[in-house]
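Asker: this is the structure alone, sequence omitted:
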């Protein structure tokens, strides 16, 4: 039957009453004051809501945000998923988008990918079609185009994308349209960003790790001439997948960057945890490049040595480890002036109906 199940909820503060993990919220009205909640709908929609928030769930394709902030991801099975607010309804046309509403009733929406229809309730205001990278606000009197700004959705966007927790040097990339995410530059951290979702792979991929355990990267010469330690992999039968990119993409002109990049290496350690199992990890640059057609974005290039490698004869090897729970990736990386990347393949949620790659 239909459901809207709590798939994740941050720990409850003392005295606050909130739904339990696994609770079905269909037909219920919920208010909570702290934290973030991820809700999985039987239609396949994934919604993350940040407190303070007050919302109601009508059915598997409709909810009302009285006030608060949410990010939603909608596969084809959840097309026309609707978020109602006090003065407008936002209807998905196959997309990732955010909606926020204040207690005075004013709301806004930002589209990260795909399209959204905004239908104001005021009879004098026509419906508007919002495209990727666009945003607008609605109150009881007017509809206004506004500048796209993903930052208000930093918490909900990551959790809707399945990035549940990071530690150490690993940080979620600030929310943006998908095509611009990989271009984000930062000298102080390893950025984790979502790539493709809901993909059913049509052919095997070369990967470097597909089970709990530790991988040590190869030397430069070996990485340039072969896919050392890479092997052919296919997901479990019928399993759709999603992909994330973990990268160090430095800004060389940044004043915090060492003046002499050549020969200078920075040591990063950290981890990222996902809401589903890690199925495989790709670390060698040839395998990264070859999997980009199916799991990445066409705007992202993978030059030689953009994977992981031993930087010099004296530096320790880069290390990647899948935790025993299969949901956490630990990294210990020595990097410098070049881009370093890792692609992480995780299981898609079971409620989503997967597509074959285009």
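Answerer: It's in. What you are looking at is a predicted structure, and each value in this text was computed from that prediction instead of being measured. Numbering: from 1, shown residues only.

Asker: alpha carbons only for contacts and neighbour counts from here, please
Answerer: Fine.

Asker: can you give me the strands for the stretch 1-150 of the chain?
Answerer: Secondary structure of the stretch 1-150 of the chain by DSSP state E, counting those that start in this stretch: the strands cover 4-9, 29-32, 36-41, 46-59, 62-73, 82-84, 88-92, 96-101, 107-113, 115-120, 128-131, 135-138, 143-146.

Asker: mind checking how far the spatially most distant residue from the centre of the chain is from residue 25?
Answerer: Largest separation from the mean C-alpha position in the chain: residue 124, at 37.1 Å (CA atoms, centre = their mean). Residue 124 sits 34 Å away from residue 25, taking CA to CA, to the nearest Å as the criterion.

Asker: format the strands of the stretch 1-150 of the chain as TSV; extra columns: distance to residue 322, mean neighbour count and mean pLDDT.
Answerer: Shown next, in TSV, are those (distance: least, CA to CA, whole Å; neighbours: other CA atoms under 10 Å; pLDDT from 0 to 100):
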stretch	distance to residue 322	mean neighbour count	mean pLDDT
strand 4-9	21	20	94
strand 29-32	34	17	93
strand 36-41	24	25	96
strand 46-59	25	22	96
strand 62-73	26	24	97
strand 82-84	37	23	98
strand 88-92	35	24	96
strand 96-101	28	26	96
strand 107-113	29	26	95
strand 115-120	35	23	96
strand 128-131	37	17	96
strand 135-138	38	22	96
strand 143-146	42	15	94
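
Asker: okay, those strands in JSON lines with distance to residue 289 next?
Answerer: What follows is the strands of the stretch 1-150 of the chain, written out as JSON lines (distance: least, CA to CA, whole Å):
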{"stretch": "strand 4-9", "distance to residue 289": "33"}
{"stretch": "strand 29-32", "distance to residue 289": "44"}
{"stretch": "strand 36-41", "distance to residue 289": "32"}
{"stretch": "strand 46-59", "distance to residue 289": "29"}
{"stretch": "strand 62-73", "distance to residue 289": "26"}
{"stretch": "strand 82-84", "distance to residue 289": "37"}
{"stretch": "strand 88-92", "distance to residue 289": "32"}
{"stretch": "strand 96-101", "distance to residue 289": "25"}
{"stretch": "strand 107-113", "distance to residue 289": "23"}
{"stretch": "strand 115-120", "distance to residue 289": "29"}
{"stretch": "strand 128-131", "distance to residue 289": "29"}
{"stretch": "strand 135-138", "distance to residue 289": "33"}
{"stretch": "strand 143-146", "distance to residue 289": "37"}
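
Asker: to residue 183, which of these lies closest?
Answerer: In terms of CA to CA, the element of those nearest to residue 183 is strand 107-113, at 15.2 Å.

Asker: hmm, who's touching that closest one?
Answerer: With CA atoms under 8 Å, 6 or more residues apart in numbering as the test, strand 107-113 has contacts from 85-88, 90, 95-101, 130-139, 148-150, 175-178.

Asker: now the residue farthest from the centre of the chain: phi and psi?
Answerer: With angles defined as degrees, to the nearest 10, residue 124 sits at phi -80, psi -10.

Asker: equivalent analysis for residue 286, please.
Answerer: phi -70, psi -40.

Asker: for residue 244, see how far away it is.
Answerer: 17 Å.

Asker: likewise residue 343?
Answerer: Counting by CA to CA - residue 343 and residue 244 are separated by 6 Å.

Asker: more neighbours: which of these two?
Answerer: Legend: neighbour count by other CA atoms under 10 Å for residue 343 and residue 244, higher for residue 343 (28 against 23).

Asker: test my guess that the more buried one contacts residue 279.
Answerer: No. Counting by CA atoms under 8 Å, residue 343 sits too far from residue 279 to count as a contact (11.1 Å).

Asker: list the contacts of residue 184.
Answerer: 173, 249.

Asker: and stretch 266-280, end to end?
Answerer: Stretch 266-280 has an end-to-end distance of 26 Å (CA to CA).

Asker: how about stretch 185-201?
Answerer: With CA to CA, one end of stretch 185-201 sits 30 Å from the other.

Asker: okay, now the unreliable bits of the chain?
Answerer: Scanning the chain for pLDDT under 70 picks out 12-15, 218-228, 252-264, 298-299, 301-305, 309-315, 337, 351-358.

Asker: helices of that one, residue ranges please.
Answerer: For the chain, the helices defined by DSSP state H occupy 154-160, 178-181, 220-225, 285-295.

Asker: mind giving me CSV with the ones you listed and columns for mean neighbour count?
Answerer: Output for those, formatted as CSV (neighbours: other CA atoms under 10 Å):
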stretch, mean neighbour count
helix 154-160, 24
helix 178-181, 17
helix 220-225, 14
helix 285-295, 20
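
Asker: for those helices, give me TSV that also has distance to residue 192.
Answerer: Formatted as TSV, these follow (distance: least, CA to CA, whole Å):
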stretch	distance to residue 192
helix 154-160	9
helix 178-181	10
helix 220-225	23
helix 285-295	15
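
Asker: of all these, which lies closest to residue 188?
Answerer: Shortest distance between residue 188 and the helices of the chain, using CA to CA, is found for helix 178-181: 16.5 Å.
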